[in-house]
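In: Kindly return the folded structure for what I paste below:
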Amino acid sequence: MRYLIALSAALLVLAAPMAAQAQAKKKNVLLIVSDDLNNRLGCYGDALAKSPNIDRLAKKGMVFNRAYCQFPLCNPSRASFMTGRRPDVTKIYENATHFRDTIPDTVTLAQLFRNNGYFVMRIGKIYHYGVPGQIGTSGLDDQKSWDKFFNPIGRDKKEEELLKNLTPKKAGLGAALAWHASEAGDDAHTDGIGATEAIKVLGQKRDQPFFLAVGFYRPHVPWIAPKSYFNKFDLAKIKMPVEPANIRANVPPTAFAINPPNYGLGDEDCRNAILAYYASVAYMDAQVGRLLDELDRQNLWEDTIVIFISDHGWLLGEHGLWQKMHLFEESARVPMIIAAPNSKAPGKSCDRVVELIDMYPTVADLAGVKLAHPVDGMSLKKHLDDPTLPFKKGAYTQVTRGAPKKDGLMGYTVRTERYRYTEWDDGKKGIELYDHMNDPREHRNLAKDDASAKVIAELRELLLAPRKK
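Out: This next block holds a predicted model:
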């Protein structure tokens with residue numbers, strides 16, 4: 001009996017540290033960022049999209065239906081969501097300034113995990129660098145954020161001379177409507193090379209806590225992807241957005257950065273451009289699928305928080321506009337999917353308005369990592385269990401017109417669950433009000449309607465709230 005008692009006591013002594021270790025096991029983070037991706041995905045209701053892998057992730061996590069970027073341009077947006085701060089705090093309003101020049105002591109999301117004992121690595125584009133010109137370089141990367149990084153460069157970079165360019169007079173391929181259906185396979189392109197490296201890292205680091213950030217380049221222009229993805233789509237089924245003839249009437253001219261509408265291109269050229277966008281999304285989705293397959297193989301789902309986002313939306317002919325740098329829904333809205341271990345609501349969606357800056361505190365909260373300093377975002381951890389919980393009143397996006405430090409002006413918009421309200425130059429260059437309950441395409445500006453005065457007054461106070469802090 002004494003022997004059994006002693007043995008039991010010994011087992012308890014051995015079991016206690018093991019139980020404590022199991023309880024304290026850190027959650028991994030896999031952050032996947034797509035470049036210039038709007039919400040034309042199957043899980044967001046797009047019938048033409050070929051996005052089975054992002055849709056698969058949506059079934060494992062929470063889809064946020066009303067997620068918005070803080071600035072519809074790569075560098076300002078990425079600096080914002082990786083620091084958890086609004087652009088008016090980072091002071092990043094263009095693609096040339098590094099956030100360390102303006103907020104040098106900030107602790108980025110990746111740096112926070114690095115400081116807490118995680119292996120932290122970047123593959124591809126997380127902070128800004130120009131696409132396609134800086135593919136294969138580190139661009140405006142942040143060395144403090146990573147233990148290791150990998151800059152993929154593939155066949156797409158070498159095939160730029162084969163592009164069909166609809167807008168050759170635009171400055172650079174990074175803003176051109178240009179595409180090429182490549183003969184090279186998935187693995188030869190930049191995103192495929194990045195995915196291969198990420199798969200290797202997931203296998204190597206599966207037994208230690210990691211924060212792996214994978215930044216895909218597609219569907220950023222120029223749209224170069226394997227031909228097989230172009231062949232998935234029928235041009236006859238691609239339609240231009242149906243817009244009222246007077247779509248720009250009663251809207252401040254400052255709201256439109258592209259003139260003439262659709263660059264003056266014809267219907268078939270525009271539809272070919274949309275097809276190329278869909279093809280690039282489909283190719284990027286396939287690379288996401290490879291990462292999800294590796295999580296399956298390594299049995300990492302129970303230990304890994306997976307986040308999928310884009311840096312901002314992208315217009316495809318809505319309002320006669322293309323690309324980003326606008327404050328309409330298609331430019332400001334982004335996909336956001338979060339799959340967390342032990343979530344009570346996998347496969348569900350949340351209709352609360354949320355912002356990309358909310359990702360920072362959410363991931364830290366899910367992983368049990370304490371923030372190093374206050375951030376502007378709010379944690380969505382509770383909403384992964386109950387998406388009906390109240391959240392913030394509005395999501396904020398801003399954009400410049402002209403050079404910010406010279407003759408430029410700023411446009412601000414706030415999106416509530418029902419309305420979008422926008423001011424250009426504090427209203428001096430015009431205002432906009434759209435009722436998404438009755439006008440989800442933002443075709444009718446209600447700002448001059450007498451009946452809207454009360455709503456405008458309330459939304460103006462809401463729009464100014466972040467700048468009063």
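In: residue boundaries of the helices in the stretch 51-200 of the chain?
Out: 52-60, 74-83, 87-90, 109-115, 155-158, 190-204 (DSSP state H, counting those that start in this stretch).
In: got the end-to-end distance for stretch 141-151?
Out: End-to-end distance for stretch 141-151: 11 Å, by C-alpha to C-alpha, to the nearest Å.
In: on that earlier part again, nearest to residue 458, of the helices of the stretch 51-200 of the chain?
Out: Residue 458 sits nearest to helix 87-90 of all the helices of the stretch 51-200 of the chain, at 21.7 Å, using C-beta to C-beta. Heads up, the C-betas are built off the backbone N, CA and C, glycines and all.
In: packing partners for the closest one?
Out: With contacts taken as 3 or more C-beta pairs under 8 Å, 6 or more residues apart in numbering; DSSP states H and E, helix 87-90 sits against helix 74-83.
In: Next, the buried residues of stretch 364-380.
Out: 364, 365, 366, 367, 369, 375, 376, 377, 378, 379, 380 (16 or more other C-beta atoms under 10 Å).
In: quick one: which two of the residues you listed are the most distant?
Out: Most distant of the buried residues of stretch 364-380, by C-beta to C-beta, are 367 and 376, 19.4 Å apart.
In: Could you list which residues are in contact with the spatially closest residue to residue 334 that is not a sequence neighbour?
Out: Once flanking residues are discounted, residue 334 sits nearest to residue 310: 4.7 Å by C-beta to C-beta, 6 or more residues apart in numbering. Residues near residue 310 by C-beta atoms under 8 Å, 6 or more residues apart in numbering: 33, 34, 35, 36, 37, 38, 69, 334, 335.
In: ok, and the closest non-adjacent residue to the first one?
Out: Spatially, and ignoring its direct neighbours in sequence, residue 33 is nearest to residue 215 (4.6 Å; C-beta to C-beta, 6+ apart).
In: who's that neighbour bridged to?
Out: Per DSSP bridges, the residues bridged to residue 215 are residue 33, residue 124.
In: Just the pLDDT for it.
Out: On pLDDT, residue 215 comes in at 98.
In: Residue 78 versus that one, what's the distance?
Out: Residue 215 sits 9 Å away from residue 78, going by C-beta to C-beta, to the nearest Å.
In: which of these two has more neighbours?
Out: residue 78 (27 against 21; other C-beta atoms under 10 Å).
In: isn't the more buried one right up against residue 127?
Out: Yes: counting by C-beta atoms under 8 Å, residue 127 is a contact partner of residue 78 at 5.4 Å.
In: which residues are in contact with both of residue 215 and residue 78?
Out: With C-beta under 8 Å, 6+ apart, residue 215 and residue 78 have common neighbours 33, 126.
In: center of this protein, which residue is that?
Out: residue 310 (1.8 Å; C-alpha atoms, centre = their mean).
In: and that residue, how far is that from residue 459?
Out: Taking C-beta to C-beta as the measure, residue 310 falls 26 Å from residue 459.
In: which stretch of helix or strand covers residue 30?
Out: Taking DSSP states H and E as the definition, residue 30 sits inside strand 28-34.
In: Quick check: mean pLDDT of that strand?
Out: Per-residue pLDDT over strand 28-34 has a mean of 98.
In: Also stretch 66-85?
Out: For stretch 66-85, mean pLDDT is 98.
In: Can you give me the buried ones in it?
Out: Judged by neighbour count (16+ other C-beta under 10 Å), stretch 66-85 contains these buried residues: 66-85.
In: Give me the distance from that stretch to the chain's centre.
Out: 8 Å (C-alpha atoms, centre = their mean, to the nearest Å).
In: do stretch 91-104 as well
Out: With C-alpha atoms, centre = their mean, you get 19 Å for stretch 91-104.
In: As CSV, the helices of the stretch 51-200 of the chain with distance to residue 264 would be great.
Out: What follows is those, written out as CSV (distance: least, C-beta to C-beta, whole Å):
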stretch, distance to residue 264
helix 52-60, 33
helix 74-83, 26
helix 87-90, 32
helix 109-115, 42
helix 155-158, 28
helix 190-204, 31
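In: winner for burial among those helices?
Out: Sort the helices of the stretch 51-200 of the chain by mean neighbour count, taking mean count of other C-beta atoms under 10 Å, and helix 74-83 sits at the top with a mean of 27.
In: Next, the angle strand 28-34 makes with it.
Out: Computed by axes from the mean of the first three to the mean of the last three C-alpha atoms, to 10 degrees, the angle separating helix 74-83 from strand 28-34 equals 160 degrees.
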